[in-house]
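**Q** Pasting the sequence and the predicted model now:
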Amino acid sequence: MKRLFIGLFATGVALGASTFTSLASKRIFATYYYVLTEEGTYTKVEVVPDPSNCEGTASHKCFVGYATYKGESFFSNSMPAAPIVQSGTNGLYTN
């Protein structure tokens, strides 16, 4: 009986400890950022865009980010696959 309780206690400790550990996340960070410089055209920039530079009422997101290179620029109507990062607002990016 004593062995049974020790076994159950060890199992409980192991399960309790595993509750507080998490698996390593596989986050993908954007390396290539593109900003909407004129209506319909995204242009590559070398720095992480500042959301406070988003102005106006364009119909597309102010900036987008990708993990892979998508060229120096592209049109918003032919955007590559879904970006991994995008601005929370629509508008043109002003420097």
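**A** Cool, got the structure.

**Q** only C-alpha atoms for contact and neighbour calcs from this point on.
**A** OK.

**Q** which regions of this structure lie under the pLDDT threshold?
**A** Applying pLDDT under 70 to the chain flags residues 15-28.

**Q** List the backbone torsions phi and psi for Ala58.
**A** Note on Ala58: its backbone torsions stand at phi -60, psi 160 [degrees, to the nearest 10].

**Q** Can you tell me the closest non-neighbouring residue to it?
**A** Counting by CA to CA, 6 or more residues apart in numbering, Ala58 lies nearest to Gly91, which is 4.3 Å off, once chain neighbours are set aside.

**Q** What distance do you get for that neighbour to Tyr32?
**A** 19 Å (CA to CA, to the nearest Å).

**Q** for Glu46, same thing?
**A** Applying CA to CA, the value for Glu46 to Tyr32 is 8 Å.

**Q** So which of those two has more stuff around it?
**A** Tyr32 (20 against 9; other CA atoms under 10 Å).

**Q** Tell me if I'm right that that one and Ala67 touch.
**A** Yes: shown here, Tyr32 and Ala67 form a contact pair, counting by CA atoms under 8 Å, at 6.2 Å.

**Q** leaving aside the residues next to it on the chain, what's closest to Ala67?
**A** That would be Ala30: by CA to CA, 6+ apart, it lies 4.5 Å from Ala67.

**Q** sorry, that was for Glu46
**A** By the measure of CA to CA, 6+ apart, the closest residue to Glu46 outside its immediate chain neighbours is Tyr33, 7.2 Å from it.

**Q** And the helices in this structure, which stretches?
**A** For the chain, the helices defined by DSSP state H occupy 2-19.
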